[in-house]
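Q: Requesting a structural model of the entry that follows:
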Amino acid sequence: MPLMLLIDKVAVVTGSAKRTGKAIALALARSGADVIVHYNKSRKEADKVVAEIKKLGRDSMAVKAELRNFSEVKAMFRKIVKKFRKIDILVNNVGNFIYKDISKFTSEEWQYQIDTTLNTTFHCCMAALPYMRRQKFGRIINMGDSGAHKIESVPPLTAYRIGKTGALILTKTLAVTEAKHNINVNMLSPGVIFNTISKPADPPPKGRYASYEDITNGLLFLLDPKSEYITGANLVIGGGWRV
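A: You can find the predicted model right below:
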C-alpha cells in the first residue's frame with residue numbers, strides 16, 4: 001500500500017478515462033488525493049474510473065471538455081473549483097499520437113497534432129494557474145516524450161516531437177515564472193511503454209518496455225513533499241532508450 005503522501009490534495013488528470021491517464025489517476029488516489037477524471041468522448045470509461053477511485057476511499061468526479069477549446073477548459077476548471085474548492089495538482093496527460101511521414105501530413109493533421117500535444121497543455125496550465133497562485137501552492141506535471149529534449153530528425157514523428165519539445169520549453173518557462181508562488185512545474189517523459197502503438201524492434205537497454213508502474217513511480221517522486229525543491233526538471237522514464 002503506497003504511503004498517503006498526497007492526503008487531501010485535489011488532482012486533475014487530463015485524458016484519464018483510459019490507458020496511462022487512468023493508471024495515473026488511480027495511483028494518485030492510492031496516495032491519498034481526490035482525483036478529477038477528465039474525458040472528451042469516453043464517458044462510460046471515465047465513470048468507471050471515478051467508481052474505482054471512490055472504492056479507494058477518495059472523492060472524484062468526471063468532467064468533459066474539449067481541451068483544444070480554451071473556453072471549455074476554463075469552464076471545466078471553474079466547475080472543479082466550485083465542488084472541490086481548490087486545485088493542488090494538474091497532470092497534463094493528453095497528447096494524441098500520429099505516426100506518419102511528414103511528407104504525407106495534411107494541414108489538418110498537423111494542426112491537430114500540435115493542438116493535442118502543446119496547446120492543450122498550455123490551455124490547462126493557464127486555466128489552473130490563477131487558482132494555484134491564490135492558494136500559494138501548486139504542482140503541475142506535463143507528460144512529455146523521452147526525446148523531447150533532443151533536436152533531431154524523426155520524420156514520422158515530426159509534429160508530435162515539435163509539440164512535446166514545445167511543452168518542455170513551456171514547462172521550464174513556467175517553472176521560473178511560477179516559483180515565487182510555490183508552484184512547481186515539471187515534465188515526466190516516458191520512453192517506450194508496453195502498449196505503445198509503434199514499438200522498436202529491440203527493447204530499451206533495460207531489456208523491457210516501461211510499465212504503468214514505472215511511470216507512476218516517477219510521477220509520485222516528483223509530487224512527494226520531499227521533492228519540493230525540484231522544478232523545471234524533465235524526468236525521463238526510458239530504461240536507457242536513446243540516451
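Q: longest helix of this structure?
A: Ranked by number of residues, the top helix in the chain under DSSP state H is helix 158-178.
Q: CA atoms of stretch 191-208 as CSV?
A: The C-alpha coordinates for stretch 191-208 follow below in CSV (Å, rounded to 0.1, in the frame of the first residue of the first chain):
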residue,chain,number,x,y,z
GLY,A,191,10.1,6.1,-23.3
VAL,A,192,8.5,3.1,-25.0
ILE,A,193,5.6,1.9,-22.9
PHE,A,194,4.4,-1.7,-23.1
ASN,A,195,1.3,-0.7,-25.1
THR,A,196,2.9,1.9,-27.3
ILE,A,197,1.4,1.9,-30.8
SER,A,198,4.7,1.8,-32.6
LYS,A,199,7.4,-0.2,-30.8
PRO,A,200,11.0,-0.5,-31.9
ALA,A,201,12.3,-3.9,-33.0
ASP,A,202,14.5,-4.1,-29.9
PRO,A,203,13.5,-3.1,-26.4
PRO,A,204,15.4,-0.4,-24.4
PRO,A,205,18.8,-1.3,-22.8
LYS,A,206,17.0,-2.3,-19.6
GLY,A,207,15.6,-5.3,-21.6
ARG,A,208,11.9,-4.4,-21.3
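Q: List the buried residues in it.
A: Neighbour counts over stretch 191-208 (16 or more other C-beta atoms under 10 Å) mark 191, 192, 193, 203, 204 as buried. C-beta: built from backbone N, CA, C; applies to glycine.
Q: The fourth one is in contact with residue 194, isn't it?
A: No - the criterion here is C-beta atoms under 8 Å, and residue 203 misses it with residue 194 at 9.8 Å.
Q: list the residues that contact both of these two?
A: Here residue 203 and residue 194 have residue 209 as joint contacts, going by C-beta atoms under 8 Å, 6 or more residues apart in numbering.
Q: gap between residue 141 and residue 99?
A: Plainly put, residue 141 is 24 Å away from residue 99 if you go by C-beta to C-beta, to the nearest Å.
Q: So for these two, which residue has more residues nearby?
A: Between residue 141 and residue 99, counting by other C-beta atoms under 10 Å, residue 141 is the more crowded of the two (24 against 10).
Q: Name the nearest residue to residue 114, sequence neighbours excluded.
A: Spatial nearest neighbour of residue 114, chain neighbours left out: residue 163 (5.1 Å); criterion: C-beta to C-beta, 6 or more residues apart in numbering.
Q: so that neighbour makes contact with residue 111?
A: No - in this structure residue 163 lies outside contact range of residue 111 using C-beta under 8 Å: 10.8 Å.
Q: Show me which of those two is the more surrounded one.
A: Neighbour count, other C-beta under 10 Å: between residue 163 and residue 111, residue 163 has more, with 25 against 14.
Q: wait, what's in contact with that one?
A: Residues in contact with residue 163 (C-beta under 8 Å, 6+ apart) are 95, 113, 114, 116, 117, 118.
Q: so which of those residues is the most crowded?
A: residue 117 (28 neighbours).
Q: Report the secondary structure state of it.
A: Secondary structure, DSSP: H, G, I helix; E, B strand; the rest coil: residue 117 is helix.
Q: Next: residue 37.
A: Secondary structure, three-state DSSP: residue 37 is strand.
Q: quick one, what contacts it?
A: Neighbour list for residue 37: 13, 16, 17, 25, 46, 49, 50, 53, 60, 61, 62, 63 [criterion: C-beta under 8 Å, 6+ apart].
Q: Let's have the residues you listed in JSON lines, adding secondary structure, pLDDT and neighbour count.
A: Listed next are these as JSON lines, based on DSSP: H, G, I helix; E, B strand; the rest coil; pLDDT from 0 to 100; neighbours: other C-beta atoms under 10 Å:
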{"residue": "13", "secondary structure": "strand", "pLDDT": "98", "neighbour count": "31"}
{"residue": "16", "secondary structure": "coil", "pLDDT": "97", "neighbour count": "32"}
{"residue": "17", "secondary structure": "coil", "pLDDT": "96", "neighbour count": "23"}
{"residue": "25", "secondary structure": "helix", "pLDDT": "98", "neighbour count": "31"}
{"residue": "46", "secondary structure": "helix", "pLDDT": "97", "neighbour count": "26"}
{"residue": "49", "secondary structure": "helix", "pLDDT": "98", "neighbour count": "25"}
{"residue": "50", "secondary structure": "helix", "pLDDT": "98", "neighbour count": "22"}
{"residue": "53", "secondary structure": "helix", "pLDDT": "98", "neighbour count": "26"}
{"residue": "60", "secondary structure": "strand", "pLDDT": "98", "neighbour count": "24"}
{"residue": "61", "secondary structure": "strand", "pLDDT": "98", "neighbour count": "17"}
{"residue": "62", "secondary structure": "strand", "pLDDT": "98", "neighbour count": "21"}
{"residue": "63", "secondary structure": "strand", "pLDDT": "98", "neighbour count": "18"}
